[in-house]
Structure formats: structure tokens, C-alpha cells
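J.: I need the structure of the sequence given here:
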Amino acid sequence: MVKLIVIDAEGAEHVLDAEPGRSVMKAATDELLPGIMGECGGCLSCATCHGYVDEAWLSRLDPPGEEELDMLSCAVDVEPNSRLTCQIEMSEALDGLVIRLPAAQF
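T.: Next comes the predicted model:
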């Protein structure tokens, strides 16, 4: 297991154990973390798993693909560090990854 740190819209920090190979979205929804919905289950057909990747971690992630960018255009309050968390796969290299959640998913 690796650590995933999710900071909700109110600023509360949630430290989750994430299985390598599992998406950030699945790790969060498995723990019933409020503020991240993942309505499509990770199929890139919604933007309800939108999150902000902490700036220190951005360079460690592969850039978003065309489909992810298209779906992000549907998200609320998109920032340069916005990602769909269903597209971020946890790994040993991402141990300690920090994601902040927006105030609303739609």
C-alpha cells in the first residue's frame, strides 16, 4: 500500500492507503470519502472525480490525454493543475501524492 493524501474542500486532510495500480478515484470512493463521486466508475464519461494535483506532484504524472482534457472542460472551477482522479494510477513513485478537492463536482 502507498499513501494518498486527499484534502477536502473544507481543508480537512484524509490520509488513505491506496493499492498500487488502483486509481486515485477508486481509492477515495472505496473509503466513501465525501467530495469525490466518480459516477461513471472511471470510464471518462463524467467529471465527478475532478481534483487538483498538488504542484509538487505535477511533474511526476503523465500529462492528461485528449479524452481527459475533453471531460475536464465539463468540470467546475478547472485550474492548470486539474485532473480527473480516475486517470491517475497510484504507484510506489506516487507514495504521498496530495490531491485537493473542489468545492463542487458539478
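J.: When you work out contacts or count neighbours from here on, use the C-alpha atoms and nothing else.
T.: OK.
J.: for the residue nearest the centre of the chain, what are its contacts?
T.: Centroid-nearest residue in the chain, with CA atoms, centre = their mean: Thr85, separated by 2.7 Å. Listed by CA atoms under 8 Å, 6 or more residues apart in numbering, the contact partners of Thr85 are Ser23, Val24, Met25, Cys49, His50, Gly51.
J.: Check Pro102 too.
T.: Pro102 neighbours (CA under 8 Å, 6+ apart): Asp8, Ala9, Gly35, His50, Gly51, Tyr52, Asp77.
J.: so can I have JSON lines of those showing pLDDT and distance to Pro63?
T.: Below are these laid out as JSON lines (pLDDT from 0 to 100; distance: CA to CA, whole Å):
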{"residue": "Asp8", "pLDDT": "96", "distance to Pro63": "23"}
{"residue": "Ala9", "pLDDT": "95", "distance to Pro63": "24"}
{"residue": "Gly35", "pLDDT": "94", "distance to Pro63": "23"}
{"residue": "His50", "pLDDT": "97", "distance to Pro63": "15"}
{"residue": "Gly51", "pLDDT": "98", "distance to Pro63": "14"}
{"residue": "Tyr52", "pLDDT": "98", "distance to Pro63": "14"}
{"residue": "Asp77", "pLDDT": "95", "distance to Pro63": "19"}
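J.: Gly65: which of the residues you listed is nearest?
T.: Closest approach between these and Gly65, by CA to CA: His50, at 14.6 Å.
J.: Dig out what that closest one forms beta bridges with.
T.: Counting by DSSP bridges, His50 forms beta bridges with Leu84.
J.: Looks like it contacts Gln105 (just checking).
T.: Yes. Counting by CA atoms under 8 Å, Gln105 is a contact partner of His50 at 6.6 Å.
J.: Now list whatever residues contact both of the two.
T.: Shared contacts of His50 and Gln105, defined by CA under 8 Å, 6+ apart, are found at Ile36, Ala75.
J.: the more surrounded of the two?
T.: Each of His50 and Gln105 has its neighbours counted (other CA atoms under 10 Å); His50 has more, 31 against 19.
J.: Tell me who's in contact with that one.
T.: Applying CA under 8 Å, 6+ apart, the residues near His50 are Ile36, Leu72, Ala75, Ser82, Arg83, Leu84, Thr85, Leu101, Pro102, Gln105.
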